[in-house]
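J.: this is a predicted model, with the sequence first.
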Amino acid sequence: MSDPALGLLMLVLIVVVIMMGFATAFTLMGLGMFFGFIAFYDPSQNWTHNRVFDLMVQRTYGAMTNDVLISIPLFVLMGYVMERGALVDKMFYSIQLAFRRVPASLAVATLIVCTFWGIASGLVGAVVVLMGVIAFNPMLRAGYDVKLASGVITAGGTLGILIPPSVMIIVYAAVAGQSVVKLYAAAMFPGFFLALLYLIYIIGWALIDPKIAPPLPEEQTRVKVPAWITSFERIYSPNMFIALSRALVSPAQARGLQIDGKPMSYGAIVQNFIIALVPFLLTFVTMATVWWYVVIHQQAAAAGAPIEGLQQLGSSVPPPSATPAETGPDFQFYLWFWISAAVLALWTARSYWRMNGERFEVLKLLTSSVMPLGILTAVVLAVILFGITTATESAGVGAAGAFILAFHARTLDWKRTKEAVFLTAKTTAMVCWLFVGSALFSAVFAILGGQALLESWVLSLNMTPVQFMILSQAIIFVLGWPLEWTEIIIIFVPIFLPMLKHFNIDPILWGTLVFVNLQAAFLSPPVAMSAFYLKGVSPKHVTLNQIFAGMMPYMLIVIVCMVIMYLWPGMTLWLPKYLYGG
């Protein structure tokens, strides 16, 4: 039976019922079963033989055997272990000290920690709540405007669902039938670019109106330098890098100093010298990795590839032209590589020239609080993007690394481990049931002719690709006001996907625009889950309307980011094309 009117009724009912507060997954299944029963009804057969029951079993089995979904519980487990086992407060303190001279330093530090922590955990609610507990009250006590303080936490906390590894990207990949690794590569630059736009807005607002973010008192920006560092500077050199280098050669005087209540050993000198080398090591490893992958790895892979199209000896067929991987990168790559290397070398030299005891202590704090989590996140992303592992295997590496970091920090006990596992099972079950309900709902919607009706209506408008792009993204933006990202991707994104081919729109580009667009789903009332997360841990005098007002400018920044992404598609498509071709 095909009745497009019933299909459209399904679409209207799903929005109404979800806004009434019913569970999304079971609402999808319930409406799918009800309208499917009508679509397959045959009066000559018993109602128990209705084909909708077979469809339900098939769609459930198909969702449960989807390989893409296997990585979801592992990434979610990684996030919950990070949330319960890592030291966010120490990270916030060290980053705040590092940016203490920047306008609105507390807000800048909050945004950086939100971005970094969101990448590691991928959990919007957890990041917003944690940063609300750690950073919201300090900003209010420092005299920061309530809208600035609430806006930076709610907007920064949503970045974790955009920047890989992200559960939202995995869900879209499963719905759209796209490669997870290509979507990860596509979302990398736009995610960090959106964070950069947030940062520019915060600093710019603070420069224009300093009253919204008063400078911190001296006692809150003063770095507590241990006594042994002061003595080290006096004995060897005011520059800690030079002092530690000299102590490696002549450690006799250093052995008379006390560090953590014990005489300084030669191992402690070596350990602190390695910490002093961190800026150089970061620069060297970054540039060496880029050089290895672009110049060495790809040419080696091309040289080892099988030779195709062999011709008989003496034939007149000309030899095949060399591929880009065989000839190596072009001149532009070398130009930008050496310019970047020169800039980073100057930055590194400047940091060592100014490395006094205060700066060395900040470096130690950053190394102990940021480096372990940074290395784990970089490894998880690198092994995916460079094709070393699949997304599922990388998720397993990330979950194991999260446990190692948490146990090393001695902040994860048996109770917290059980909580992390339970919440992982709960979240995974929710996502899987959503897929079952969505698969059933979409199948019945298509059988009733709703999908075909919508496609014919859109195609009858004779829109250009730009107009279709604006229309589809505008609809998703509006849907973000009453609905969450899960409902939008599961229910409404599949409606637009079949039309992309007609308008010759890359599903990777369109999907990445959807990811950025859905940032607004967390920032737009009346749902605006980020606002409710923050309200739950904020002081009583902070109203929900103040939090909403603080989030509004970031919604405009999201729109600006989307416009730039469309005008400059290379920001989205360059990395996946370079890494994987196509």
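T.: Now that the structure is in, tell me what you want to look at. Numbers count the residues shown, from 1 in each chain.

J.: so what's the closest residue to Leu381 other than its chain neighbours up against?
T.: Nearest non-adjacent residue to Leu381, counting by Cβ to Cβ, 6 or more residues apart in numbering: Pro164, 6.0 Å away. The way it works is simple: take the backbone N, C-alpha and C, and place the C-beta from them, glycine included. With contacts defined as Cβ atoms under 8 Å, 6 or more residues apart in numbering, the neighbours of Pro164 are Ile119, Tyr184, Ala187, Met188, Gly191, Leu381, Ile384.

J.: my guess is the fourth one is in a helix, correct?
T.: In other words, Met188. Yes. Looking at Met188 with DSSP: H, G, I helix; E, B strand; the rest coil, it is inside a helix.

J.: could you pull up the residues touching it?
T.: Contacts of Met188 by Cβ under 8 Å, 6+ apart are Ile163, Pro164, Leu381, Leu385, Leu575.

J.: could you measure from it over to Leu162?
T.: 10 Å (Cβ to Cβ, to the nearest Å).

J.: mutual contacts of these two, please.
T.: Between them, Met188 and Leu162 share no contacting residue, judged by Cβ under 8 Å, 6+ apart.

J.: nearest spatial neighbour of the residue nearest the centre of the chain, skipping sequence neighbours?
T.: Taking Cα atoms, centre = their mean, the centroid of the chain lies closest to Ile163, which sits 2.1 Å from it. Once flanking residues are discounted, Ile163 sits nearest to Gly191: 3.5 Å by Cβ to Cβ, 6+ apart.

J.: so that neighbour makes contact with Gly160?
T.: No. Applying Cβ atoms under 8 Å, one finds Gly191 not in contact with Gly160, separated by 9.3 Å.

J.: helix or strand for Pro238, just tell me which one.
T.: In the assignment (DSSP states H and E), Pro238 maps to no helix and no strand.

J.: hmm, back to that, the residue nearest to the centre of the chain is in contact with Ala120, isn't it?
T.: No. Counting by Cβ under 8 Å, Ile163 does not reach Ala120; the two are 10.1 Å apart.

J.: who touches both of these two?
T.: Counting by Cβ under 8 Å, 6+ apart, nothing touches both Ile163 and Ala120.

J.: wait, a strand at the residue nearest to Ile163?
T.: No. Read with three-state DSSP, Gly191 is helix and lies in no strand.

J.: who touches it in this structure?
T.: Leu159, Leu162, Ile163, Pro164, Phe515.

J.: about what we covered before: okay, the residue nearest to Leu381: pLDDT?
T.: Turning to Pro164, the model gives it a pLDDT of 83.

J.: could you look up the SS state of it?
T.: From three-state DSSP, the assignment for Pro164 is coil.

J.: which parts of the longest helix anywhere in the chain are buried?
T.: In the chain, taking DSSP state H as the definition, the longest helix is helix 414-447. Residues of helix 414-447 classed as buried: 416-417, 420, 423-424, 427-428, 431-447 (neighbour count, 16 or more other Cβ atoms under 10 Å).

J.: what do you get for stretch 465-483?
T.: For stretch 465-483, by 16+ other Cβ under 10 Å, it's Phe468, Met469, Ser472, Gln473, Ile476, Phe477, Leu479, Gly480, Pro482, Leu483.

J.: how much distance is there from stretch 513-520 to the middle of the chain?
T.: 12 Å (Cα atoms, centre = their mean, to the nearest Å).

J.: which elements pack onto the helix or strand following the longest helix of the chain?
T.: Downstream of helix 414-447, the next assigned helix or strand under DSSP H and E is helix 450-460. Here helix 450-460 touches helix 4-19, helix 414-447, helix 493-500, going by 3 or more Cβ pairs under 8 Å, 6 or more residues apart in numbering; DSSP states H and E.

J.: so what touches helix 450-460?
T.: Under Cβ under 8 Å, 6+ apart, the answer for helix 450-460 is 4, 6-8, 10-11, 442, 445-446, 468, 471, 495, 498-499, 502.

J.: what's the mean pLDDT across it?
T.: So the average pLDDT for helix 450-460 ends up being 80.

J.: can you list contacts of the helix or strand following it?
T.: Using DSSP H and E, the helix or strand that follows helix 450-460 in sequence is helix 465-479. Applying Cβ under 8 Å, 6+ apart, the contact partners of helix 465-479 are 458, 461, 463, 488, 492-493, 496, 499, 503-505, 510, 513-514, 517-518, 520-521, 559, 562, 566.

J.: out of those, which end up buried?
T.: Buried members of the contacts of helix 465-479, counted by 16+ other Cβ under 10 Å: 458, 463, 488, 492-493, 496, 499, 503, 505, 510, 513-514, 517-518, 520-521, 562, 566.

J.: distance of Glu233 relative to Val225?
T.: According to Cβ to Cβ, Glu233 and Val225 sit 9 Å apart.

J.: what sits in contact with each of those two?
T.: Gly357.

J.: quick one: the helices in the stretch 251-400 of the chain?
T.: Using DSSP state H, counting those that start in this stretch, the helices of the stretch 251-400 of the chain run over 266-276, 278-291, 298-303, 324-327, 331-353, 357-369, 371-385, 391-409.

J.: which SS class is His502?
T.: coil.

J.: please name the nearest non-neighbouring residue to it.
T.: For His502, the closest residue by Cβ to Cβ, 6+ apart turns out to be Leu459, at 6.6 Å.

J.: all strands for the stretch 151-300 of the chain, in order.
T.: Counting by DSSP state E, counting those that start in this stretch, the stretch 151-300 of the chain has strands at residues 258-259, 262-263.

J.: partners of the first one, with directions?
T.: By that I understand strand 258-259. strand 262-263 (antiparallel) (DSSP bridges).

J.: quick revisit: among the contacts of Pro164, which two are most distant?
T.: Using Cβ to Cβ, the two most remote members of the contacts of Pro164 are Gly191 and Ile384, lying 14.5 Å apart.

J.: just to revisit the earlier point, rank the helices of the stretch 251-400 of the chain by pLDDT, which is bottom?
T.: What stands lowest among the helices of the stretch 251-400 of the chain, in mean pLDDT terms, is helix 324-327, with a mean of 48.

J.: okay, buried residues for whichever strand or helix holds Pro553 please.
T.: Assigned by DSSP H and E, Pro553 belongs to helix 544-567. Across helix 544-567, burial judged by 16+ other Cβ under 10 Å covers 544, 546-548, 550-551, 553-555, 557-558, 561-562, 565-566.

J.: and of those, the nearest to Met168?
T.: Val558 (14.6 Å).

J.: just checking, the closest one touches Asn517?
T.: Yes. Val558 is within contact range of Asn517, at 7.1 Å (criterion: Cβ under 8 Å).

J.: for Met20, give its distance to Asn66.
T.: Distance from Met20 to Asn66, by Cβ to Cβ: 29 Å.

J.: between the two, which one's more packed in?
T.: Asn66 (15 against 8; other Cβ atoms under 10 Å).

J.: got the contact list for the more buried one?
T.: Ala174, Phe435.

J.: look at it and report its pLDDT.
T.: pLDDT at Asn66 comes out at 75.

J.: likewise the one 3 residues further on?
T.: Model confidence at Leu69, expressed as pLDDT, equals 77.

J.: helix, strand, or coil at it?
T.: Per three-state DSSP, Leu69 ends up helix.

J.: which residue packs closest to it, ignoring adjacent ones?
T.: Using Cβ to Cβ, 6+ apart, the closest residue to Leu69 is Ala174 (5.9 Å).

J.: returning to what we had before: output the contacting helices and strands for the longest helix of the chain.
T.: Using 3+ Cβ pairs under 8 Å, 6+ apart: helix 414-447 touches helix 4-19, helix 24-39, helix 51-64, helix 71-85, helix 167-176, helix 450-460.

J.: just name the most buried of the ones you listed.
T.: A comparison of these by mean neighbour count, using mean count of other Cβ atoms under 10 Å, puts helix 71-85 on top with a mean of 25.

J.: buried residues in the helix or strand following it?
T.: Sequence-wise, the next helix or strand downstream of helix 71-85 (DSSP H and E) is helix 88-98. Of all the residues in helix 88-98, those buried under the rule 16+ other Cβ under 10 Å are Val88, Met91, Phe92, Tyr93, Ser94, Ile95, Gln96, Leu97, Ala98.
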